[in-house]
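Engineer: Below is the sequence, then the predicted model.
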Amino acid sequence: MTIRTEPMTVNVGPQHPSTHGVFRLRITFDGEDIVEVEPVLGYLHRGSEKLAEERNYVQVITLTDRLDYTSSMINNQAYCLAVEKLVGIEPPPRAKYLRTLAAELQRIASHLIAVGFFIQEMGAFGTPLMYTFRSRERILDLFEMLCGARVTVSYMRPGGVFSDTPEDFWPALDRFMTDFRDEFADLEALLMENEILLARTKGVSPLEPDVAINCSVSGPVLRASGIDWDWRKKEPYDAYDLVDFDIPTGSNWDNYDRFWVRMQEIRQSMRIIEQCVDQIEPGLVRIPELPLVLRAEPGAEAYGRVEASKGELGFYLVSDGGISPYRCKIRSPSLINLTITEHLLVGWKLADMIVSLGSIDINMGEVDR
Amino acid sequence: MFPSQCEDTILRDNPLFRFIYDYASSLLPCWVSYVLAGVTIMLILINAVLLGAAVVSWMERRLLGRFQNRIGPNRWGPFGLLQPIADLFKLITKEDLIPAGADRIAFTLVPIIMVASLILMAAVIPFAKDTSLVDLNVGVLYILAISSITSIALFTAGWASDNRYALFGTARSVAVLISYEVPVVLSLLGVVMIVGSMSLSSIVEFQSVPFIVVQPLAFFVFLAGMSAELNRTPFDLAEAESEIIAGYHTEYSGIKFALIQAAEFGGVLVVSALITTLFLGGWAGPWEDYLGWAWFTGKTLLIVAVFSWIRATFPRLRIDQIMAFSWKVMLPLSLINLAATTVEVYVLKSGGITTLELWIMAIINLVLAGVCLPLFGRLMKDKIRKSIPSGVSQSLRDDPTG
């Protein structure tokens, strides 16, 4: 006798504990297996691109903070690079190092969130998340010393950074790096060889390199698919050509590799920060006597891109000669990385769905802009 | 309605019942004293279990806080001890919602069934010498039977609340409960065979050597199986928060939610008490005639702490892995334990098992556990690790960009 079953459609989100904000998936289940996935976006749309057309070049920085609110520093950096290309200026060396330092601290913070929630979604009851947040809080404290804000930092400016570091920043950074080495070792000991974590992630939802390239995926998700691609190496900006670091790549293309790549990138970021601390020298942190309201040639256009914590973040600016951009297009990694959703989820189970979604590490502030 | 021979009741062995009954029956008709005495000891039990659940919830939250570099609840009362009461008041004052499409009667019955089955389980556990409500001669069987009632409650909850997440939780929990019932029952057979009785107080009195060393495999299987039945990590997929919101109790709010929470924390308490009774020697310890209750409480809270520790450490398994773990690891382990114990009891039992013989069994079974547990761990690991994605061509692996 066969029992007649029928598929069941469930709305996962926009109110759901593990959809990273207000993401919504219409999923058709056959028992626990996923047969159909339809992502629904737009619940956090705030019109950032349109708002940018109403503000002058410096004011737009506050909008970029709110794109991917877990990596504001890197958003600032991408936007400032675009404006600098558009206007044709270059920041002084100390500013470049400070930007690199801040961006790498932010990358650690962002990856810590990604890893913490990845494990949380696998069902660990808060412990790894609390371990990661303990370190993230320290990084936010450092940001507070740099610019007075913790999350929406607005630290960088076209032509440099907002201000020089306070005196007690460097000892605090040193203390943080010393402690973080131990804390990160704790985290690795708890997670890397955890048998249940391996069982849940090894071989689950692989993303083949050709699919990754065709979907123009970027960031840790792309590198986990075995492709050695990182804008910090391919097209170095700020001080990245002056520091030495490696690019970890995955070999199984699965959820575990995406997690592993992030853990390794945290180690590489620590290396970059140490080199920045060694190499940085006193000097100007912003081009002096730069007008507060910047203007570019009419018809000028520029594309500034960085390797953000989630992938390639780009700002495409077009100028009509006015004080604000004529058009500001944001190429956000989270949105583009979401194009692989269906490929990753269909055929796997409900429990894997949540973990795979966590392994892409989306941020709805950036997806909907 | 009540028999004239009221004294011939299952409660007659309970000293408190006898005391109240004897005292009251000199003044009142016998059925009045029967009801009076019975209600009194029932109220004591119900309050003990529910207050115990409150203490367990406080203890677990404090312990989890410490495991996670947090402080945990510490605002209300000394060390935050009154936190469960604050929670209860908050939940009682909340609106008690019933979804429009829900089956109202079944929906309301679920928390009641869950708490009732819990209190029924606690009735046969001996908290100290001669202190169980009823010393049933089929105690182990009774406990196993009552613990299965929970699965009916979970099933009803998922069906009645008209919510697809609840339905997921129900489907998962019923599957898990049914598969874990088998190894749990088989693991307890060894204990019952050695003692030769199903009465929980006889099992405690028999343990001159705690059964955790005599039956290590059974202890492991029982602990893991009971984690699964209690829906606790790594087997908590019936209410997997990150996947299906809250599973079967997604739609419950207010006092119903409070009762479900009480049943969950009370379940931890009762199962810990059961493990103490079956494997840790119950009330046994120095000065057990006077301090039996203290020994019992201490051992129970120790097991509660172990449960909290497990919860703080592990991620959750997937449903197919949990089923595989039940049928491919736990069931063979409990069968091995059963076979070994059968042979040992057959060889040794001729003149009643002495303490020395218990030690001999302990050594044999510990060696057996030392061999079997790593062996099955290895088998399970290989099964999981070998899963390589299909549909991936080898050429791409060599040259990813090509």
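Structural biologist: Good, I have the coordinates. Numbering: from 1, shown residues only, chains lettered A, B, ... in the order given.
Engineer: so what pLDDT did the nearest residue to B:L368 once chain neighbours are set aside get?
Structural biologist: Excluding the flanking residues, the one nearest B:L368 by C-beta to C-beta, 6 or more residues apart in numbering or on different chains is B:A340, at 5.7 Å. Any C-beta I mention is one placed from the backbone N, CA and C, and that applies to glycine too. With respect to pLDDT, B:A340 has a value of 87.
Engineer: show me what contacts B:A340?
Structural biologist: By C-beta atoms under 8 Å, 6 or more residues apart in numbering or on different chains, the residues touching B:A340 are B:I364, B:N365, B:L368.
Engineer: low-confidence ranges in the chain?
Structural biologist: Using chain A here. For chain A, applying pLDDT under 70 flags the ranges A:1.
Engineer: meant chain B actually
Structural biologist: B:1-10, B:349-352, B:382-402.
Engineer: thinking again about what came up before, between the contacts of B:A340, which is closest to chain A?
Structural biologist: Nearest to chain A, judged by C-beta to the nearest C-beta, of the contacts of B:A340 is B:L368 at 22.4 Å.
Engineer: how near is the closest one to A:T28?
Structural biologist: B:L368 sits 48 Å away from A:T28, going by C-beta to C-beta, to the nearest Å.
Engineer: Counting neighbours, go ahead and name the busier of those two.
Structural biologist: Shown here are B:L368 and A:T28; by other C-beta atoms under 10 Å in any protein chain shown, B:L368 has more neighbours (18 against 15).
Engineer: Contact partners for that one?
Structural biologist: Counting by C-beta under 8 Å, 6+ apart, B:L368 touches B:L217, B:I336, B:N337, B:A340.
Engineer: likewise A:L190?
Structural biologist: A:L190 sits next to A:T127, A:P128, A:Y131 when contact means C-beta under 8 Å, 6+ apart.
Engineer: Okay, and the beta partners of the closest residue to A:V12 other than its chain neighbours?
Structural biologist: Nearest residue to A:V12, sequence neighbours excluded (C-beta to C-beta, 6+ apart): A:L25, at 4.4 Å. Here A:L25 sits in beta bridges with A:V12, A:P39, going by DSSP bridges.
Engineer: Give the burial count for the residue in the stretch 151-300 of chain B that chain A sits nearest to, as a bare number.
Structural biologist: Ranking the residues of the stretch 151-300 of chain B by distance to chain A (C-beta to the nearest C-beta) places B:S242 first, at 4.3 Å. Using other C-beta under 10 Å, B:S242 has 22 neighbouring residues.
Engineer: Ok, B:T93 next?
Structural biologist: Per other C-beta under 10 Å, the neighbour tally for B:T93 reads 9.
Engineer: quick one: it from A:D320, how far?
Structural biologist: 59 Å.
Engineer: for B:E251, same thing?
Structural biologist: Separation of B:E251 from A:D320 (C-beta to C-beta) stands at 55 Å.
Engineer: If we ignore the residues flanking it in sequence, what's nearest the closest residue to chain A within the stretch 251-400 of chain B?
Structural biologist: Minimum separation of the stretch 251-400 of chain B from chain A (C-beta to the nearest C-beta) falls at B:R316, amounting to 2.6 Å. Once flanking residues are discounted, B:R316 sits nearest to A:G123: 2.6 Å by C-beta to C-beta, 6+ apart.
Engineer: if I read this right, the one you found contacts B:S242, doesn't it?
Structural biologist: Yes. Using C-beta atoms under 8 Å, A:G123 makes contact with B:S242 at a distance of 6.2 Å.
Engineer: what's B:G247 in contact with, if anything?
Structural biologist: Neighbour list for B:G247: B:158, B:165-166, B:168-170, B:172-173, B:231, B:237-240 [criterion: C-beta under 8 Å, 6+ apart].
Engineer: Setting aside sequence neighbours, what's the nearest residue to it?
Structural biologist: The shortest distance from B:G247 to any non-neighbouring residue, by C-beta to C-beta, 6+ apart, is to B:G169 (2.7 Å).
Engineer: Who's the closest spatial neighbour of B:L348, skipping the chain neighbours?
Structural biologist: Setting aside the residues directly before and after it, B:L348 is nearest to B:E357 in space (C-beta to C-beta, 6+ apart), at 4.7 Å.
Engineer: State the distance from that neighbour to B:V345.
Structural biologist: As defined by C-beta to C-beta, B:E357 lies at a distance of 10 Å from B:V345.
Engineer: Would stretch B:286-304 count as contacting chain A?
Structural biologist: No. Stretch B:286-304 is not in contact with chain A by C-beta under 8 Å from any C-beta of the partner chain; minimum separation 15.2 Å.
Engineer: Identify the residues contacting the closest residue to chain B within the stretch 101-250 of chain A.
Structural biologist: Nearest residue of the stretch 101-250 of chain A to chain B (C-beta to the nearest C-beta) works out as A:G123 at 2.6 Å. For A:G123, the contact set (C-beta under 8 Å, 6+ apart) comprises B:T233, B:P234, B:D236, B:L237, B:A240, B:E241, B:S242, B:E243, B:F314, B:P315, B:R316.
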